[in-house]
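**Q** Fold the following and give me the result.
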Amino acid sequence: MENLSVHDFAKDVAAVVEHENKGPVVVVGHAWGNFPARMLAADRPDLVRGVVLAAASAGKVPPGSTEKPINAEMRQAIDGAGDLRLSDEQRLIYLRKAFFAPGNDPAVWLNGWHDETHEVESHARNTTPVDDYFAAGSAPILDLQGEADSVAPRRFSGVLKNMLGDRVQIVVLKNSGHAMAPEQPKAMAEAIAAFAKTQYAKK
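**A** Next up is the predicted model:
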């Protein structure tokens, strides 16, 4: 759990795929998990048919923009949501701000946070060059976006498509933020299944 890179996380996924002997597969990376999903496609293209990036920060901003992919205010909300030293009330404010679309209940994400894992993921993200994983090798990509995603906001929604072209298919889920899975599980599953069916049909 020390000094891990996104490459290391991708190696773990590769080990699972190889152990199951089911490759090449469609790999799904939700939120932070989109980085090792893309890295797997870059490092081990033999194991990947396609990549689903669900509620994914692209890691880059549009050319000419001076913004960071995730600004300081949003970083505070992301980190605060999992800070168990804070009150549930404060954490709910952060959860609502960072992860959930208006009207969706953030209380379902109060539990299940692990500070050590968060720190390891942050280190990997901060120390691994974005260009190592950005393009996901040459794999087809489903960029599954939440309409109300504050972490991966609409103003950055075209970054992957604009930079990688027709390899990227965009599907936007209504009434969904960055949490996505607890907000729109059926729509999320259907979009992933449709993409996977297309990739598995290819020779």
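**Q** where are the low-confidence patches of this protein?
**A** Within the chain, not a single segment meets pLDDT under 70.
**Q** Pull the distance from stretch 76-95 to the chain's centre.
**A** 20 Å (C-alpha atoms, centre = their mean, to the nearest Å).
**Q** Same question for stretch 163-173.
**A** On C-alpha atoms, centre = their mean, the centre of stretch 163-173 falls 14 Å from that of its chain.
**Q** what's the span of it, first residue to last?
**A** End-to-end span of stretch 163-173 (C-alpha to C-alpha, to the nearest Å): 22 Å.
**Q** What is the neighbour count of residue 79?
**A** For residue 79, the neighbour count with other C-beta atoms under 10 Å is 14. In short, each C-beta sits where N, CA and C put it, glycine included.
**Q** oh, and call the first residue 20 from now on, that's how I've got it
**A** Yes, from this point I'll number from 20; that puts the last item at residue 98.
**Q** so who does it touch?
**A** residue 137 (C-beta atoms under 8 Å, 6 or more residues apart in numbering).
**Q** again, but for residue 146
**A** residue 24.
**Q** Which secondary structure state is assigned to the closest residue to residue 121 other than its chain neighbours?
**A** Closest residue to residue 121 apart from its sequence neighbours, by C-beta to C-beta, 6 or more residues apart in numbering: residue 167 at 6.5 Å. Classification of residue 167 using DSSP: H, G, I helix; E, B strand; the rest coil returns coil.
**Q** which SS class is residue 47?
**A** strand.
**Q** check contacts around it.
**A** 56, 70-71, 73, 211.
**Q** same thing but at 6 Å, please
**A** By C-beta atoms under 6 Å, 6 or more residues apart in numbering, the contact list for residue 47 reads 71, 211.
**Q** so how far is residue 210 from it?
**A** Distance from residue 47 to residue 210, counting by C-beta to C-beta, to the nearest Å: 10 Å.
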